[in-house]
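Asks: give the three-dimensional model of this entry:
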Amino acid sequence: MAIIECIEILQVDLAPKVKRTDAIQAFITQETPMLRIHTRDGLVGTGYSYTIGTGGSSVIGLLRDHLAPRLLGREAGEIELLWKELFFATHATAVGAITALALATIDTALWDLRCRAANRPLWLEAGGAQRAVPLYTTEGGWLHIDKAALVEDALAAKAAGFGGSKIKVGRPHVAEDIERLSAVRAAVGPAFDVMVDANQAFTVAEAIRRARLYEPLDLAWFEEPLPAEDIDGHARLCASTSLPVAVGESIYHPSIFREYAQRGACSIMQADVARIGGITPWLKVAHLAETFNMAICPHFLMELHVSLCAAVPNAAWVEWIPQLDDITTSRMIVRDGKAVPSDQPGLGIAWDAEAIARRQAFTPIVLKA
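Replies: The predicted structure is shown next:
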């Protein structure tokens, strides 16, 4: 029995490696709530989630006051049971981002424990479906970046063996988007994928209009064209365009993905393991997507998603945006332009304890049974 006897709650704030902007916001700082779960038999599991600048203290408060205390004295291996109990314990604040991020911080720590106890890597413990996953880059495609730099980054990614580049769209006039995208497509040729991401910026009418103008560029997908809550608008868009429509980074429960799929409102699911509430619900979304013959192409968190993508058969891409370099000694393995999951027991992330201690936003909160 792996009984939980101690929990540490902390937060590390990380500056983005490059300036990150999209059609509606800028990535200010990565608040990284973290949780260490200690069991009676001496194992330690580490979990985390993130924000892009706001909400970290709210996640910490939810963990400290309402969720983590419920874990003390419990069996760490009962992951499904614990997730469901914690979700219902916060029913008044679910479904929502803060609750999902807090649940993910706990759930990823529990999965880290499970894998360490089994002496198996996450990609194998969660399914073992792929040994490598195609990789695309977003880090050189932000909205403020000029056309020449977009082209340069895409060509560099292609030369490195990456399979695609994602370009942010949502410039004031669609002609600006087309000029930028056309330059990239002309440079990389037809055998390199170009994705676009609007970050929920458009109305239905504008999304339909832009999709029609994007279509000749043979894009791999049109990501977050509309606010995530507008399922009907996404269905109307899907019915009007040949472009695959991708959604998911702003969806916080698997049932919403089911609704999208049932209504023909998306072509690709992009569940984010932190924003969906952890590994437990992420795997449910991945398998749901498979039943609808859809790919899952997760958002961000490449250091964790590489193992989850390798765990399931329908993961088509890992998104390259380095996130944890400042607080880890490990790096995601890239081989022939593909992301390769770690074979080390646990999540596949080697945390740098000294670097974390130097960057802590506050003295860690320690709860004991």
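
Asks: tell me the domain ranges of the protein?
Replies: Under automatic domain parsing, the residue ranges defining each domain of the chain are 4-119+350-368, 124-340.

Asks: so for the longest one, mean pLDDT?
Replies: Taken as a whole, domain 124-340 carries a mean pLDDT of 98.

Asks: now do the same end-to-end measure for that domain.
Replies: Using C-alpha to C-alpha, to the nearest Å, the span of domain 124-340 from its first residue to its last is 12 Å.

Asks: what sits up against stretch 280-288?
Replies: Identification of contacts with stretch 280-288 by C-beta atoms under 8 Å, 6 or more residues apart in numbering yields 79-80, 83, 107, 111, 126-127, 248, 253-254, 257-258, 261, 269, 271, 273, 276, 296, 298, 308, 311-312, 314-315. C-beta: built from backbone N, CA, C; applies to glycine.

Asks: show the buried residues in the residues you listed.
Replies: Burial by neighbour count, judged by 16 or more other C-beta atoms under 10 Å, picks out 79, 83, 107, 111, 126-127, 248, 253-254, 257-258, 261, 269, 271, 273, 276, 296, 298, 308, 311-312, 314-315 from these.

Asks: of those residues, which belong to helices?
Replies: Assigned to helices by DSSP state H, the following of the buried ones among the contacts of stretch 280-288 qualify: 79, 83, 107, 111, 254, 257-258, 261, 308, 311.

Asks: not counting sequence-adjacent ones, nearest residue to residue 306?
Replies: When the adjacent residues along the chain are set aside, residue 306 lies closest to residue 339, with 4.5 Å between them (C-beta to C-beta, 6 or more residues apart in numbering).

Asks: beta partners of that neighbour?
Replies: Each beta-bridge partner of residue 339 is listed here, defined by DSSP bridges: residue 133, residue 334.

Asks: that one: neighbouring residues, count only.
Replies: 27 (other C-beta atoms under 10 Å).

Asks: correct me, but it touches residue 319?
Replies: No - at 9.3 Å, residue 339 and residue 319 do not qualify as touching, with contact defined as C-beta atoms under 8 Å.

Asks: between these two, which contacts overlap?
Replies: Both residue 339 and residue 319 are contacted by residue 302, under the criterion C-beta under 8 Å, 6+ apart.

Asks: wait, residue 182 touches residue 219, no?
Replies: No - with contacts counted by C-beta under 8 Å, residue 182 stays clear of residue 219, the gap being 11.4 Å.

Asks: more crowded one of these two?
Replies: For residue 182 versus residue 219, the count of surrounding residues by other C-beta under 10 Å is larger for residue 219: 23 against 13.

Asks: about what we covered before: which of the domains of the chain is buried the deepest?
Replies: Relative to the other members of the domains of the chain, domain 124-340 carries the highest mean neighbour count by mean count of other C-beta atoms under 10 Å, namely a mean of 20.

Asks: so is residue 129 in a helix, a strand, or just coil?
Replies: Of the three states, residue 129 takes coil according to DSSP: H, G, I helix; E, B strand; the rest coil.

Asks: nearest residue to it other than its sequence neighbours?
Replies: Once its chain neighbours are removed from consideration, residue 129 has its nearest residue in residue 313; the separation is 4.2 Å (C-beta to C-beta, 6+ apart).

Asks: distance check, that neighbour against residue 338.
Replies: Computed with C-beta to C-beta, to the nearest Å, the distance linking residue 313 and residue 338 is 15 Å.

Asks: secondary structure class for residue 6?
Replies: Per three-state DSSP, residue 6 ends up strand.

Asks: that one and residue 367 touch, don't they?
Replies: Yes - taking contacts as C-beta under 8 Å, residue 6 lies within contact range of residue 367: 7.0 Å.

Asks: and the strands in the chain?
Replies: 4-14, 30-39, 44-48, 133-137, 164-168, 193-197, 221-223, 245-247, 268-269, 295-296, 318-320, 333-335, 338-340, 365-368 (DSSP state E).

Asks: what helices and strands are in contact with the last one?
Replies: With contacts taken as 3 or more C-beta pairs under 8 Å, 6 or more residues apart in numbering; DSSP states H and E, strand 365-368 sits against strand 4-14.

Asks: which residues sit in contact with the residue nearest to residue 129?
Replies: Residue 313 sits next to 127, 129-130, 290 when contact means C-beta under 8 Å, 6+ apart.
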